[in-house]
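# Below is the sequence, then the predicted model.
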Amino acid sequence: MSAPTFEQQVLDLLPRLRRFAIGLAGSPSDGDDLCQMTIERALTRRDQWQEGTRLDSWMYRIMRNIYIDEGRAGTRRQETFVSEDAGLGVGADGAQEARVELSMVDRAMARLPDDQREAVLLVMVEGYAYKEAAEIVGCPVGTLNSRLVRGRDALQALLAGDGPSGDSA
Amino acid sequence: MITEEQIAAYADDQLEGDEKARVEAAIAADPALAAKVDGHRALKAQLTGHYAPILDQPVPDHLAAMLSGKSDAAQDKTNGEVVSFAKERQKRGLAPTLRRWAPIAGPALAASLVLAIFQPWQTSPPLEGYAGEELASALDTQLAATQDADAATRVLLSFENEAGEYCRAYQSEGEGGIACRDAQGWEIERQFALQESQVTEFRQAGSLSDIMAAAQAMAPSGALDAAAEASAREQGWRK
């Protein structure tokens, strides 16, 4: 019996990686984009992963670093460039799907600062202990803990106060 | 004194020993604190439930393909077969790759097209593997930013490949591809057969975004902007 290959292990992690990516990026398409960049980077840097350490934490760290470094400048700028009214004339299907209907949770999450959103996702969705989440993010545990509190407070306020009225017409 | 951080950490089961005992005692004595703990746990349950369905979704084929070692095979060796990794992109319309490049490629993307990959030898350009006269002329002269919308061949975008050659992704009636300029001419690097999207039996074949994805994979520094493209044309697409 040989150990599963690096690729196979990443493949097994993919559903979870997607969940984190979609949560971070705010939409399935941007999340999958982030996933793709994460896999690319992980494959090129695979020799930096130490066998015996947790591959999931390593992958999550790569993903959040890409998101923080490039997501801000990349993903979001793309969205402003190519909003649905940019006249791209994509097929009707594509345009419709691009205009994703966001749920209240998605909208509330999108309004959190990045550091709070990642803390909330890592602990409350991915189920990491504070210490593990802090290692992924690269901050002290106390810092993670307080980001989490602020993120939670903001989410609770947004989800409690934000009825269907919102800013819609 | 119990802090908000401690309440949250308690709700997340992150406290141990004396600290946990102290917080537990405080919560037992104060319904307001207990309500906060409940609130934290309810929020956690809500978030977990919200994101849980993603775990059950099939992983998009193009992501799985990156790890199966079949990605290249699917792009290069498929003999006209349906390319499964394209299905996911097809379903959600514009791929992220495409959206990223759309500011540059925009005007050329007006048509919603689906394409089936086929082999370069299915067509026979004058010089084996190189663009024919008509295509070469379009590639030589047209700029993605300024070309006629109804040009027979439209250039989707231009970029530099790893070898430092100028390459251009193009689309014409029924086909599209990527050609790179070397000393002999425009060498066809990729070729795709295009089908109108309403031809449903080709729905699974792929989409224009596959050209874009292929182009992106070949372009270490991204697409040329309009100015860089114009200057490349002035140099005759050679360095």
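Good, I have the coordinates. Numbering: from 1, shown residues only, chains lettered A, B, ... in the order given.
# which strand is the longest one in chain B?
strand B:185-196 (DSSP state E).
# do you know how far the residue nearest to the spatial centre of chain A is from chain B?
Centroid-nearest residue in chain A: A:Leu24, 2.2 Å away (criterion: C-alpha atoms, centre = their mean). Taking C-beta to the nearest C-beta, to the nearest Å as the measure, A:Leu24 and chain B are separated by 11 Å. Where C-beta positions appear, they are placed from N, C-alpha and C, glycine not excepted.
# My guess is that residue contacts A:Leu121. True?
Yes. A:Leu24 lies in contact with A:Leu121 (C-beta atoms under 8 Å); the separation is 6.5 Å.
# tell me the angle the helix or strand following the longest strand of chain B makes with strand B:185-196.
Downstream of strand B:185-196, the first helix or strand assigned by DSSP states H and E is helix B:208-218. Angle of helix B:208-218 versus strand B:185-196, following axes from the mean of the first three to the mean of the last three C-alpha atoms, to 10 degrees, is 150 degrees.
# who's in contact with residue 46?
Since you didn't name a chain, this refers to chain A. Contact partners of A:Arg46, counting by C-beta atoms under 8 Å, 6 or more residues apart in numbering or on different chains, are A:Phe6.
# Chain B is the one I meant
Contacts of B:Gln46 (C-beta under 8 Å, 6+ apart): A:105, A:159.
# Just the element for it, please.
Per DSSP H and E, B:Gln46 falls inside helix B:31-56.
# May I have the next helix or strand after that helix exported as CSV, CA atoms only?
Sequence order places helix B:61-68 as the next helix or strand after helix B:31-56, per DSSP H and E. The C-alpha coordinates for helix B:61-68 follow below in CSV (Å, rounded to 0.1, in the frame of the first residue of the first chain):
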residue,chain,number,x,y,z
ASP,B,61,-14.3,19.2,-13.5
HIS,B,62,-11.7,21.8,-14.4
LEU,B,63,-10.5,21.9,-10.8
ALA,B,64,-10.4,18.1,-10.4
ALA,B,65,-8.6,17.9,-13.8
MET,B,66,-5.8,20.0,-12.4
LEU,B,67,-5.1,17.2,-9.9
SER,B,68,-5.8,14.2,-12.0
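# what about helix B:61-68 and chain A, touching?
Yes. Using C-beta under 8 Å from any C-beta of the partner chain, helix B:61-68 reaches chain A at B:62-64, B:66-68.
# Ignoring the adjacent residues along the chain, who's closest to A:Cys35?
Spatial nearest neighbour of A:Cys35, excluding adjacent residues (C-beta to C-beta, 6 or more residues apart in numbering or on different chains): A:Ala21 at 4.6 Å.
# domain parsing for the chain?
Defaulting to chain A. A:1-100, A:102-169 (automatic domain parsing).
# that's the wrong chain, I meant chain B
When chain B is parsed with automatic domain parsing, its domains come out as B:4-56, B:65-234.
# Quick check: what element follows the least confident helix or strand in chain A by mean pLDDT along the chain?
Least confident helix or strand, chain A: helix A:92-98 with a mean of 37, by mean pLDDT, DSSP states H and E. The element immediately downstream of helix A:92-98 (helix or strand, assigned by DSSP H and E) is helix A:104-110.
# Just confirm yes or no for that following helix near chain B.
Yes. Part of helix A:104-110 sits near chain B under the criterion C-beta under 8 Å from any C-beta, namely A:Val105.
# what sits up against that helix?
Residues outside helix A:104-110 that contact it (C-beta under 8 Å, 6+ apart) are A:23, A:26-27, A:102, A:117, A:120, A:154-155, A:158-159, A:162, A:166, B:46-47, B:50.
# that older thread, just the buried ones from the residues of helix B:61-68 next to chain A?
Neighbour-count burial (16 or more other C-beta atoms under 10 Å in any protein chain shown) applied to the residues of helix B:61-68 next to chain A gives B:62-64, B:66-67.
# Redo the residues you listed as JSON lines? Include pLDDT.
Conversion of these to JSON lines gives the following (pLDDT from 0 to 100):
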{"residue": "B:His62", "pLDDT": "90"}
{"residue": "B:Leu63", "pLDDT": "91"}
{"residue": "B:Ala64", "pLDDT": "90"}
{"residue": "B:Met66", "pLDDT": "90"}
{"residue": "B:Leu67", "pLDDT": "87"}
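# Worst mean pLDDT among the domains of chain A?
Here the domains of chain A differ in mean pLDDT, and the lowest is domain A:1-100 at a mean of 75.
# Let me know the distance separating B:Lys20 from B:Arg41.
16 Å (C-beta to C-beta, to the nearest Å).
# try B:Ala64
B:Ala64 is 35 Å from B:Arg41, by C-beta to C-beta.
# And for A:Leu34?
29 Å.
# Looking at these two, which is more packed in?
Neighbours were tallied for A:Leu34 and for B:Arg41 using other C-beta atoms under 10 Å in any protein chain shown; the higher tally belongs to A:Leu34 (26 against 14).
# Hmm, A:Met63 and that one touching each other?
Yes. Using C-beta under 8 Å, A:Leu34 is in contact with A:Met63, at 6.4 Å.
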